[in-house]
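**Q** From the sequence below, what's the structure:
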Amino acid sequence: MSQEYIELRGPSAYELRRVDRLLAELSRPALLDDSMAPATRDSLLQLGICVGGDASRRDLVEALWGRKRALMRQMSAIADRGPTRPVA
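**A** Next up is the predicted model:
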């Protein structure tokens, strides 16, 4: 991704913050692979990521990274449409 500034506003920015917070929670070392706080499970379900019986932390992190990439592409596309894009 380029070094240009992307202003974070709107529902996409809010969802991006939630994804970042969940990535931080799931990326922390855990004693048991299956142990996950109920609040984390609820947050994943709110984002539409199913937390099934055989979903490992690694699978969930991969799904969250996929969501983050899609959000960043969407936000970048919105920023591209602005009339004040710097040129040089």
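
**Q** Tell me how many other residues crowd Trp65.
**A** Around Trp65 sit 12 other residues, with neighbours defined as other CB atoms under 10 Å. For every residue, glycine as well, the C-beta is placed using N, CA and C.

**Q** Just the pLDDT for it.
**A** According to the prediction, Trp65 has pLDDT 92.

**Q** Kindly report the same for Ser56.
**A** pLDDT, read off for Ser56, is 82.

**Q** any idea which helix or strand of this protein has the worst average confidence?
**A** Least confident helix or strand of the chain, by mean pLDDT, DSSP states H and E, is helix 57-80 with a mean of 84.

**Q** Tell me the spacing between the spatially most central residue of the chain and Val51.
**A** The chain has Val19 as the residue nearest its centroid, 2.9 Å off, counting by CA atoms, centre = their mean. Counting by CB to CB, to the nearest Å, the gap from Val19 to Val51 is 15 Å.

**Q** what does Arg69 give?
**A** From Arg69 across to Val51, the span is 20 Å (CB to CB).

**Q** So between these two, which is more surrounded?
**A** Val51 (15 against 12).

**Q** Quick check, pLDDT for that one.
**A** pLDDT at Val51 comes out at 79.

**Q** is it true that it touches Pro38?
**A** No: Val51 is not in contact with Pro38 according to CB atoms under 8 Å; the separation is 10.3 Å.
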